[in-house]
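Q: I would like the atomic coordinates for the input below:
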Amino acid sequence: MTSEYSAHHLQVLEGLEAVRKRPGMYIGSTDSRGLMHCLWEIIDNSVDEALGGHGSRIDIVLHVDGSVEVRDRARGIPVDIEPRTGLSGVEVVFTKLHAGGKFGGGSYAASGGLHGVGASVVNALSERLDVEVDRGGKTWAMSFHRGEPGNFSGPEPSSTFTPFEKSSELRVAGKAPKGVTGTRIRYWADQQIFTKDAAFNLQELEQRARQTAFLVPGLEIVIRDERAATVAESGEAVETSFRYDGGISEFAEFLAPDAPITDTWRLTGTGSFTETVPVLQPTGAMVPTEVQRECVVDVALRWGIGYETVQRSFVNIIATPKGGTHQAGFELGLMKVVRAQVEQNARRLKVGNDKLDKDDILAGLTVVLTVRVPEPQFEGQTKEILGTPAVRQIVANVVTKELAAKFASPKRDDKAQTAQLLDKVVSEMKARISARTHKETQRRKNALESSSLPVKLADCRTNDVAASELFIVEGDSALGTAKLARNSEYQALLPIRGKILNVQKASISDMLGNAECAAIIQVIGAGSGRSFDLDTARYGKVILMSDADVDGAHIRTLLLTLFFRYMRPLIDDGRVYAAVPPLHRVVVMNPGTKPNETIYTYSEQELHTLLAKLTKSGKRWQEPVQRYKGLGEMDADQLATTTMDRAGRTLRRVRMQDAEAASTVFELLMGNDVAPRKEFIIDSSGSLARDRIDA
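A: Residues are numbered from 1 along each chain as shown. All right, here's what the predicted structure looks like:
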C-alpha cells in the first residue's frame, strides 16, 4: 500500500476480462446459484426465439462430465459478418459484451434478453464452450476457451487449445438438412471461477422449465440428466418433458392451493404508448427518437375457498417477483371493478357503509399476470421490478374492461360464480372488520368466542414467551404422566383426543367446529389464517408429543397439516417441534453393588446394535427388553429424562424450506383427490425402506 495515487494506478479491463475479474456483478455469485444463472442465460436465448414463433422444442442435457448442452430448432445465430467489427455473428454474440439482436433492431418484438451480456458472460466463465449453428444448409462450428476463440485438439476441455492468431475462423463442420435451422451450445463451467461444490440443481431446473412451458404455449422443453449420480440410482438417464398447450390458464390451475369458487378466467387485451428512447443510427450515433410501443396483456385468474393469495407476474416471460407497474395496474383495475360490483349489490350483500380493502379482494385469489412489451424498463439489474410507467394504465384498462364484461355476462355459470365471488369478498371484509373491532376474527366462532382458555389446558407459570413450551399430548393417559414429568414453570400441556380433523379436506367452518382444532388455535392465542399474528403467540415452542408408532405419526401429520394451513408463520419461524420419545428401555446389569445402567434406544436397528455391543463386551441385560407401546407406559421419571427435560431430550424441528413444494406434498397426501395419492403409494411401495418411516 502506498499513499501515492495517480493515473498509472488505474486499470482498464478490456472485453471479457471484467467478467472474469468480477463474475458476481454479472451472475450474482460463483456457487450453485451462479452456475444455474449461466444456464438460464443460454436457455433464455432459445426461449426468446420460441417467444417470437421460431422453434417449438428446447433440449437441455446435463452430461456425465459436468458439462451442459442446450439445443433448439430456432433461426440459428447469424453466421455472416457483422460489418462494424468484421467478425462473424457467432463470435460477436459470444465475445462482445452488450452485443446482440435485442436492442431494437426489429429481430425481436419482445424478449427476455435486454442487455446483450448473457452468452458472452457464460463464455467468459467457461473452461470450454462449443457452439454449432445449422443455417443455410451447413453446420457451422466454433470453440472458445475462457472466452477466447480457437481450436481444441480433442473433445475434452483439457485438450490442447490453440487460439486464433491472425483472424478467427467459423468453420464448416458438416451439412445441415434442407430448411433445418437451430443452435447447439455445450459448455464446461470454469473450475477456476466456480466453487468446488457448485452443481446444477435438477429440481430447480425442472421448476423453471415447467414455468417457461406454461408461459409459452406449445413449447416443449425436454430435460435429460445423464450425470453419474442419477444413472447410479436409476440405471438410466432421467428424461423429463414439459409442454402445456393451455398456457397460463393451466399455470393458474397448477398454482392454486385450494378448491375453486370460480373457473379460471382469462383477461386479454392490448394497448399502445409512445416513449422516447435512444436509437442506434447507421452512423453509429445514438439519437433520441420517439417510438410507438404495443403492450400485450394476458391474465389468468381464479378465486378459491381459502384465504391465501398466489400471484405470479411476468414481463416477456421474465419473472418479476417484486411486482412493478404491471402488477400495480392489475390491482387498480381489479379493485375498481369489484368495488363497483359490491356497491351495485350492496342491499343483497348487506354491506352497509363498510369499504372493501385490497386484501379482502385478493384473499383466495390465484393469478398469473403476463405482459409483453418491447424493451421494458426494469428497476435494477436483477429484473425483479418492472418500471415502464405506461404499462400500469394499459393493464388497468384491460382488466377493468374484461372483468366488468365477466360480471355483466348473461351466462348462468358466470352469474353463479360472480355471485359466489362477491359473497366471499364481502365475508372477508366482515371478518377483517370484526377482527379489528373485537380482536377476534369472524372465522373463530363457537368455541373460540369464549375468552377463557380450555379447561383441559395445564398452563405454565412463566410470562416469558420465548422460554415457554406448549406440549400437545396424545391422549389423557399420557397427560397424567406428562403432568408429573413436566417443569410447570415453563412447560404447558394440552391433551387431544385421538386423530383430529384433516383440515386439508375440510372447510374453514368445519375446522372451527372441531373442538380439538378450535382448542389448539385458542390456546396458542395468535388467531388463524390471514389474521394470524405471530407476535401474539403465547408460547415460544409448540412441541407435538405423540406415541412412537404409526398412529402417532398419523396424528403428528394431521397436527402439522393444521399448522401448515392456518398457523404457517409458526413453522416459518421454526417454533414447531416434534418430540422424540424412545422405543425401548434396556437395563444393563452391572456386577456387585454397582447400580444398573439404563439405556434408551429410538429404533429397532439401534436396539440390535446396542445388544450386539453388550454381548461382545460380555455384559448382561434384563429380559425382556421393555418396548414402549405409548407414552402412557412410561413413568414420570422416564418421560422427563427421555422426552421433556431440556437437559437430555431430543426435539425434531419442523422446517419448511420450500413452501410451494410443501404445499404440493400436503395436498397430495392429505387432500381431497384420492387418485394421485393412490398412484403415489403404488409407485413408491417398491422403494420403501423401514428406516424412512417416521415411527
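
Q: Would you mind listing where the stretch 501-650 of the chain has pLDDT under the threshold?
A: Per-residue confidence for the stretch 501-650 of the chain (pLDDT under 70) gives these ranges: 507-509.

Q: ugh, wrong one, the stretch 201-350 of the chain
A: Across the stretch 201-350 of the chain, the ranges flagged by pLDDT under 70 are 229-230, 232-235, 280-284.

Q: Quick one: the helices in it, in order.
A: Here the stretch 201-350 of the chain has its helices, by DSSP state H, counting those that start in this stretch, at 202-215, 228-234, 248-255, 325-344, 346-349.

Q: Nearest to Asp673, out of those helices?
A: Go through the helices of the stretch 201-350 of the chain one by one with CB to CB and the one that ends up closest to Asp673 is helix 248-255, at 12.7 Å. Where you see a C-beta, it was placed from the backbone N, CA and C, and this is true even at glycine.

Q: Could you name the helices and strands sitting against that closest one?
A: With contacts taken as 3 or more CB pairs under 8 Å, 6 or more residues apart in numbering; DSSP states H and E, helix 248-255 sits against helix 202-215, strand 286-303, strand 310-315, strand 365-372.

Q: Columns distance to His584 and mean neighbour count on top of the ones you listed, output as CSV?
A: Shown next, in CSV, are these (distance: least, CB to CB, whole Å; neighbours: other CB atoms under 10 Å):
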stretch, distance to His584, mean neighbour count
helix 202-215, 37, 19
strand 286-303, 52, 17
strand 310-315, 46, 22
strand 365-372, 48, 25
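
Q: Put together CSV for these, with distance to Ile555 on each row.
A: Below are the helices and strands packed on helix 248-255 laid out as CSV (distance: least, CB to CB, whole Å):
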stretch, distance to Ile555
helix 202-215, 30
strand 286-303, 33
strand 310-315, 29
strand 365-372, 31
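
Q: Ok, which of those comes nearest Lys96?
A: With CB to CB as the yardstick, what comes closest out of the helices and strands packed on helix 248-255 is strand 286-303 (17.1 Å).

Q: Export only the CA atoms of the closest one, formatted as CSV.
A: What follows is strand 286-303, C-alpha atoms only, in CSV (Å, rounded to 0.1, in the frame of the first residue of the first chain):
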residue,chain,number,x,y,z
MET,A,286,-27.3,7.2,-30.6
VAL,A,287,-30.2,9.6,-31.3
PRO,A,288,-33.2,10.1,-29.0
THR,A,289,-36.3,9.0,-31.0
GLU,A,290,-40.0,8.9,-30.2
VAL,A,291,-41.2,5.3,-30.9
GLN,A,292,-44.6,3.7,-30.7
ARG,A,293,-44.9,0.7,-28.4
GLU,A,294,-47.5,-2.0,-28.1
CYS,A,295,-48.2,-3.8,-24.8
VAL,A,296,-49.9,-7.1,-24.9
VAL,A,297,-51.7,-8.1,-21.6
ASP,A,298,-52.7,-11.7,-20.7
VAL,A,299,-54.1,-12.6,-17.3
ALA,A,300,-55.4,-15.9,-15.9
LEU,A,301,-57.1,-15.7,-12.5
ARG,A,302,-59.4,-17.7,-10.3
TRP,A,303,-60.7,-17.5,-6.7
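
Q: tilt between that strand and helix 325-344?
A: 40 degrees (axes from the mean of the first three to the mean of the last three CA atoms, to 10 degrees).

Q: Parallel or antiparallel, list what pairs with strand 286-303.
A: Based on DSSP bridges, the strands next to strand 286-303 in the sheet, each with its direction, are strand 265-280 (antiparallel), strand 365-372 (antiparallel).

Q: what's the spacing between it and its chain's center?
A: Relative to the chain's own centre, strand 286-303 is displaced by 27 Å; criterion: CA atoms, centre = their mean, to the nearest Å.

Q: Output the below-cut-off pLDDT ranges for the stretch 351-500 of the chain.
A: Under the criterion of pLDDT under 70, the regions of the stretch 351-500 of the chain flagged as low confidence span 380-382, 434-452.

Q: distance between stretch 197-215 and the chain's centre?
A: The chain centroid and the centroid of stretch 197-215 are separated by 11 Å, computed with CA atoms, centre = their mean.

Q: List of residues touching that stretch?
A: The contact list for stretch 197-215 (CB atoms under 8 Å, 6 or more residues apart in numbering) reads 30-32, 34-36, 39-40, 43, 47, 60, 62, 68, 189, 219-221, 223, 225, 230, 238, 240, 242-244, 247-248, 250-251, 254, 314, 317, 319, 368, 370.

Q: quick revisit: what's the closest of the helices and strands packed on helix 248-255 to Ala636?
A: Each of the helices and strands packed on helix 248-255 was checked against Ala636 via CB to CB, and the shortest separation belongs to helix 202-215, namely 45.6 Å.

Q: picking that back up, list buried residues within the contacts of stretch 197-215.
A: Buried positions within these, assessed by neighbour count (16 or more other CB atoms under 10 Å), are 30, 32, 34-36, 39-40, 43, 47, 60, 62, 68, 189, 219-221, 223, 225, 230, 238, 242-244, 247-248, 250-251, 254, 314, 317, 319, 368, 370.

Q: Which among the helices of the stretch 201-350 of the chain is found nearest to Lys616?
A: Lys616 sits nearest to helix 228-234 of all the helices of the stretch 201-350 of the chain, at 34.2 Å, using CB to CB.

Q: What is the burial count for Val425?
A: Applying other CB atoms under 10 Å, we find 24 other residues in the vicinity of Val425.

Q: wouldn't it be in contact with Val338 here?
A: Yes - because the distance of 6.2 Å satisfies CB atoms under 8 Å, Val425 is recorded as touching Val338.
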